[in-house]
Structures are given as C-alpha cells and as structure tokens.
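Asker: predicted model, plus sequence, below.
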Amino acid sequence: MIITTTHTIEGRQITAYLDIVSAESVQGVNVIRDMFAGMRDFLGGRCIIEENMRKAGDRLRVTSQLIDASTGAQLWARRHDRVLADIFAVQDEITTSVVASLEPQLYEAEILRFKRKPPDNLDAWGYVMRAMPFVWGTETEGDNESAAGLLARAIEIDPNYSQANSLLAHTNASRAAQGWGNPTDALAAALSLAHRAIQQDRHDHWAHVAAGYIHTIARRFKPAVEELHEAIECNPSFMNAHMVLALTYGYGGRPDEAFAELAITTRLNPRDQSAHQNASILSITGLCHLMAKRFGEAAECQRRAVQIRPSFGSAWRTLAAAAGLAGDSEIAAAALAEAKRLQPSLSLEWVEKYHPIVHAGDRATYLEGLQKAGLC
C-alpha cells in the first residue's frame, strides 16, 4: 500500500481513500495544534500523520503519530528504533509497519465517529463502520445478525459498494464456520457476494480475503490460497489476509506454512493487535499444533484463546478435541459442553460433513479427540 495526498500516482491505481493528510504537506502543524481543524477543512482529511526522525551515530529513531484533525487528539503513536545499515531497507520496513498499523486505527476512529451519529444520518460508509465491530468481533449469532443487517443497509444505499459486499460475504461464511444455520446455503450466498465485490473492484483486498475465507470454510484449499495471495498482492500490509491464509494452511494440514504467515502477521503490527486478533492468532496456532500432533501445546493455545474471547466457538471445539487427544478428560469435557452451548448443532456428523479441515485423515484425528471428550 502507498499512502499519498495526491489524486493520482503514476503507474498505480487508487484503490481506497483513507482521509489522511501527511504532516509533510502541512508545515508547522505540529506546533500550532488549534489550527488542525482549519488545516483539515483546507486539505480535506480527517486525520493527520506526523513523523519525526532523529539520528545518533548508526542508530535511527523514527516516531509516528496519527492525530484527529478535528480535535487534535492523538489516535495512535509508534516508535521505531533501527540500525542504519541500509537506509532504503529501513525505509521500506518502517513504511510497511506504519501502514499495517494505520488501517485498523483509522477504522477504529471512524467506528467511534459513526457511533455518535443517529442511524438516520448514516451513509453506506457509516453503516459499514457500524458493522465492523460485529464483523471482526463476532461472539454470538446475534452479533452476526447485527453485522448482516447493517451491511445489507449499506448495500441498499450503494449496491456497488465493494467493501460492504465483501464484509457481508465474510459474515455469511462466519455463520457456516460457527455452525449457525445451514452451512451450504450460507456459503453459497457468501460466495455470490464475494464474486460481486471482486467484479466491482478487482483490486479490493477485502473482497479477495472474503473469497479466500469462504473457500477455506468450504474445504476448497487451492482457490482459497489463490484468493488470499491475490489479497496480499493488492495490499501486502493487510494483516487479516496473512491471518486468514495462516488459517487456510492450518486447515489444509500445512502447519509450517501457517506459522510463517502468523509470523508475518505479528511482525506487521507487533503491539497494536486487538483482543480479537490475539485470540484468533492463538487459536490458529493451536490448530497448527493439533495438525502437527502436538496436542498439549494445541490445548494450551486454545485455552488462552477462550480466556481472551469466552464465546469463541471454534476455539472451544478445538480445545475439546486437543484436550481429549492429550488425555485431559476433565478439560475436554468442559470445553465440549461450552462448544455445544455455543453451537447446539455440534455433532460428529456435523464435523465430518462441514468442518473446514481438508484431509480425511486430519478430520479423523480431530473426531477422535471430540469422541474422547464425549461428543456423539
């Protein structure tokens, strides 16, 4: 991703406008804070990013901060300390890290802004921002339905809004993954929305991530990997693409490749991950340990994941299986009880028919763990 304040970039296509104004285009703005609102009105952005660089010997320190131009409040800050061996490599590394950190912070700021607005005053973007916490922080079937309702309203206002279509696709796929409703119907609807989003904007990384996630849940490993690599090609700094690709490799029985993607996810944004992301990373890590038949490590990762997100249904399922395989019958039984509370449809038949684990042998191991936990 390249951030620019211009309307065009030679040889590049603009795929999104994030309403950021670089401090380099606003001389002295970091000195006169009460001019932020005026600068915002003049330059058209809601946020300003400032950067400061200091050098001592072969050490370089770059500090960055994101500021709400309307209030002057600091939304995010980060310090980078590097050895100045290759200035271009350092520049690329810091740019990638800043961009990876900025996107979720901007969305969080926009979510808070639209929460203050009455629903009658929301546009399509506003409804998408309202839906975001439910999309990425889904804990219950009610959260999923709330996200779907808000995104449907955004699409009603603007049917060609690619991100709204892709997020609704992801929301429908989540229904299948969590065992809410009919997985076949949910995945068919989700894939139709994802294809529509890609047709609307083939450079939209959200659309390709949604398509990849849908293929993952449907056990279509090859197209899932292709779509997720396409998403990363569109935006190499998009953490969710790397995280979903790690999940895909995990379900596909390729834990080493999954761990490599998780390492990229953590490296892109080591300190600003949300509780939802931390729990997801732990759960994917646990899944990979299970695939590698390290059942004790798998159970420990899932235990930590559900501590962070107590309604994380798929983590409870995998905790039950891993603990059963590790011989911890008490934890396995308790985890299974919670998994069945969150997913009443959970059964050995459901796992065999719908669980995203690709290979029959890996599913057989997973089923064995759930049987030991008491699932029938």
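Answerer: Right, received. Where do you want to start?

Asker: with adjacent residues omitted, what lies nearest to Gly181?
Answerer: Distances taken as CB to CB, 6 or more residues apart in numbering put Arg175 closest to Gly181, at 5.4 Å, once the chain neighbours are dropped. Using the backbone N, CA and C atoms, a C-beta is placed for each residue, glycine as well.

Asker: same deal with Pro223?
Answerer: Per CB to CB, 6+ apart, closest to Pro223 is His215, 4.6 Å.

Asker: just give me how far the host helix or strand of that neighbour sits from the chain centre.
Answerer: His215 is part of helix 205-217, with elements assigned from DSSP states H and E. The chain centre lies 11 Å from the centre of helix 205-217; the measure is CA atoms, centre = their mean, to the nearest Å.

Asker: sort out which residues of it are buried, please.
Answerer: With burial defined by 16 or more other CB atoms under 10 Å, the residues of helix 205-217 counted as buried are 205-217.

Asker: which stretches of the stretch 51-200 of the chain form helices?
Answerer: Remark: helices assigned in the stretch 51-200 of the chain by DSSP state H, counting those that start in this stretch are 87-115, 124-136, 141-157, 162-178, 183-200.

Asker: an error on my part: the question was meant for the stretch 201-350 of the chain.
Answerer: With DSSP H, counting those that start in this stretch as the criterion, the stretch 201-350 of the chain has helices spanning 205-217, 221-234, 239-251, 255-268, 275-291, 295-308, 313-326, 329-342, 348-354.

Asker: and the ones you listed: which comes nearest Gly126?
Answerer: With distances scored as CB to CB, the stretch of the helices of the stretch 201-350 of the chain nearest to Gly126 is helix 205-217 (16.9 Å).

Asker: could I have the CA atoms of the closest one written out in CSV?
Answerer: Extracted in CSV, the C-alpha atoms of helix 205-217 (Å, rounded to 0.1, in the frame of the first residue of the first chain):
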residue,chain,number,x,y,z
HIS,A,205,-8.1,-6.7,-0.8
TRP,A,206,-11.2,-7.1,1.4
ALA,A,207,-13.0,-8.8,-1.4
HIS,A,208,-10.2,-11.3,-2.1
VAL,A,209,-9.9,-12.1,1.6
ALA,A,210,-13.6,-12.8,1.8
ALA,A,211,-13.5,-15.1,-1.2
GLY,A,212,-10.4,-16.9,0.3
TYR,A,213,-12.1,-17.3,3.7
ILE,A,214,-15.3,-18.7,2.0
HIS,A,215,-13.2,-21.3,0.1
THR,A,216,-11.4,-22.2,3.3
ILE,A,217,-14.6,-22.9,5.2
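
Asker: relative orientation of it and helix 183-200 in degrees?
Answerer: 150 degrees (axes from the mean of the first three to the mean of the last three CA atoms, to 10 degrees).

Asker: now for helix 205-217, which elements pack on it?
Answerer: If you count contacts as 3 or more CB pairs under 8 Å, 6 or more residues apart in numbering; DSSP states H and E, helix 205-217 packs onto helix 162-178, helix 183-200, helix 221-234, helix 239-251.

Asker: any weak-confidence spans in the stretch 251-376 of the chain?
Answerer: 269-274 (pLDDT under 70).

Asker: 90 - rerun?
Answerer: Applying pLDDT under 90 to the stretch 251-376 of the chain flags residues 266-278.

Asker: then the stretch 1-150 of the chain?
Answerer: Filtered on pLDDT under 90, the stretch 1-150 of the chain yields the residue ranges 1-142.

Asker: let's go with 80 and repeat that
Answerer: Counting by pLDDT under 80, the stretch 1-150 of the chain contains low-confidence residues at 1-122, 136-139.

Asker: how about JSON lines for the buried residues of helix 205-217, with pLDDT added?
Answerer: Shown next, in JSON lines, are those (pLDDT from 0 to 100):
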{"residue": "His205", "pLDDT": "92"}
{"residue": "Trp206", "pLDDT": "92"}
{"residue": "Ala207", "pLDDT": "95"}
{"residue": "His208", "pLDDT": "97"}
{"residue": "Val209", "pLDDT": "97"}
{"residue": "Ala210", "pLDDT": "97"}
{"residue": "Ala211", "pLDDT": "98"}
{"residue": "Gly212", "pLDDT": "98"}
{"residue": "Tyr213", "pLDDT": "98"}
{"residue": "Ile214", "pLDDT": "98"}
{"residue": "His215", "pLDDT": "98"}
{"residue": "Thr216", "pLDDT": "98"}
{"residue": "Ile217", "pLDDT": "98"}
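
Asker: make TSV out of those and add distance to Asp58.
Answerer: Below are the buried residues of helix 205-217 laid out as TSV (distance: CB to CB, whole Å):
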residue	distance to Asp58
His205	36
Trp206	40
Ala207	43
His208	40
Val209	39
Ala210	44
Ala211	45
Gly212	41
Tyr213	43
Ile214	48
His215	47
Thr216	44
Ile217	49
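
Asker: turn the helices of the stretch 201-350 of the chain into a markdown table, columns for distance to Ala164.
Answerer: Below are those laid out as a markdown table (distance: least, CB to CB, whole Å):
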| stretch | distance to Ala164 |
| --- | --- |
| helix 205-217 | 9 |
| helix 221-234 | 17 |
| helix 239-251 | 16 |
| helix 255-268 | 25 |
| helix 275-291 | 20 |
| helix 295-308 | 28 |
| helix 313-326 | 25 |
| helix 329-342 | 27 |
| helix 348-354 | 27 |
